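# this is a predicted model, with the sequence first.
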Amino acid sequence: MLPDICKKFWNESFINPFDKTDRQKGVKPPPFELPFDEDNLIELPNPKNLEFENFNLTDFIENRRTVRNYSKNPLSLDELSFLLWATQGLTKKLSDERSLRTVPSAGARHAFETLLLVNNVENLNNGLYRYVVSKHKLLPLNFEKQDIENLIAAFRNINLVINAAVTFLWVCAPERMCWAFGARGYRYILLDAGHVCQNLYLAAEAIDCGCCAIGAFDDEEMNLVLKLADKNFFLPYAATIGKKC
Ligand SMILES: Cc1cc2nc3c(=O)[nH]c(=O)nc-3n(C[C@H](O)[C@H](O)[C@H](O)COP(=O)(O)O)c2cc1C
C-alpha cells in the first residue's frame, strides 16, 4: 500500500503512467537538494581521515549481519562523516539539478535527503540534523524535545532507536525522480533506497559498527512529526547505527 502522501502525489500528478514526464514536457528539473542556510552549517571531518587496518571487502560482505544491540561507546565524528559519505557522498556535481554520489541512482536523480537522529556521537549535540550533500556538512534542525520523542515513538521498535548512536532517516523528495520517470519513478526510489542502506551496512562493518535497516514505522506519524506531507515528501526507509558490543 502506498502511503497517503504517495497516493496524493500519484493522483494529482501521474494519473496515467504513460503521460509525458516533466522532462519530456521540457519542465525545468528540481534542484538535487533542499535549500539551506550556509551560516548554520556544522563542519564534518574529511571522510577519508579514517585509516583501516586489514581492510577486506570480502570479509565485510561475508560478516555483515543486522545488529540490534549496541555498546554505549559513542561514534566519533570521523566515523559519522565516513558513513554519510559512504551513503550519499558527492563524487561529482554535474549541475544544480544532477549529481553523482557514492551510491547509484536511476538517472542520477538522487531523490533522498538524509536526516540524522543523533544520540551518541562525540562532539555533536544530540538532536535532529540534515546532511547537506553539496557541502558535506550538517545542518541542525530545530526540533524540540517533544518532537524528538514523537519521532522516536513513530518507530515500531522504539528501544532500537533509543539505544542506537545515530539513526539515519532517508526522506524522499519524489519530484526529483518523477520529473524524469513519471510514475515509474516510485519504483526507482525504492530500488535506490536499497543501494543506500546496503552501503551503510558495509561501511558500518568496516568501522566495527552494527547496522539495522528499518522499514517498520508509522507512516502517518512520520509524515506528521517530520512535516513531510505538505512538501509531498515521504519516508521509505531508515536505519540505526551503533558501535558493536
Ligand atoms: C527492507 C528491509 C526492512 C527491514 N526492516 C526492519 C525493521 O523494521 N526492524 C528490524 O529490526 N529489522 C529490519 N530489517 C532487517 C532484517 O530483519 C534483516 O535484514 C533480516 O533479518 C536478515 O538478517 P541479516 O541482515 O543479518 O542478513 C529490515 C531489512 C530490510 C532489507
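Nice, I can see it. Remember, it's a predicted structure, so these values are computed and weren't measured experimentally.

# thought A213 was touching Y237, still the case?
Yes: between Y237 and A213 there is a contact at 6.9 Å, judged by CB atoms under 8 Å. In short, each C-beta sits where N, CA and C put it, glycine included.

# between these two, which one's more packed in?
Each of Y237 and A213 has its neighbours counted (other CB atoms under 10 Å); Y237 has more, 21 against 17.

# where's the helix or strand that contains that one relative to the chain centroid, distance-wise?
Using DSSP states H and E, Y237 falls within strand 234-243. Taking CA atoms, centre = their mean, to the nearest Å, the mean C-alpha location of strand 234-243 is offset from the chain mean by 7 Å.

# show me what that strand is packed against.
Counting contacts by 3 or more CB pairs under 8 Å, 6 or more residues apart in numbering; DSSP states H and E, strand 234-243 packs against helix 158-163, strand 166-172, helix 185-206, strand 209-214, helix 219-225.

# gap between the helix or strand just after the second one and the chain center?
Reading on from strand 166-172 to the C-terminus, the next helix or strand found by DSSP H and E is helix 174-181. If you compare the mean C-alpha spot of helix 174-181 with that of the full chain, they lie 17 Å apart, counting by CA atoms, centre = their mean.

# quick one: contacts of helix 174-181?
Under the contact criterion CB atoms under 8 Å, 6 or more residues apart in numbering, helix 174-181 has outside partners 6, 9, 13-14, 21-23, 27, 29-30, 32, 106-107, 109-111, 185-186, 188-189, 192, 232-234.

# just the buried members of those?
Among the contacts of helix 174-181, those classed as buried by 16 or more other CB atoms under 10 Å are 6, 9, 14, 21-23, 29-30, 32, 106-107, 109-111, 185-186, 188-189, 192, 232-234.

# up against the ligand, what does this structure have?
R65, T66, R68, N157, C212, A213, I214, G215, A216 (CB under 6 Å from any ligand atom).
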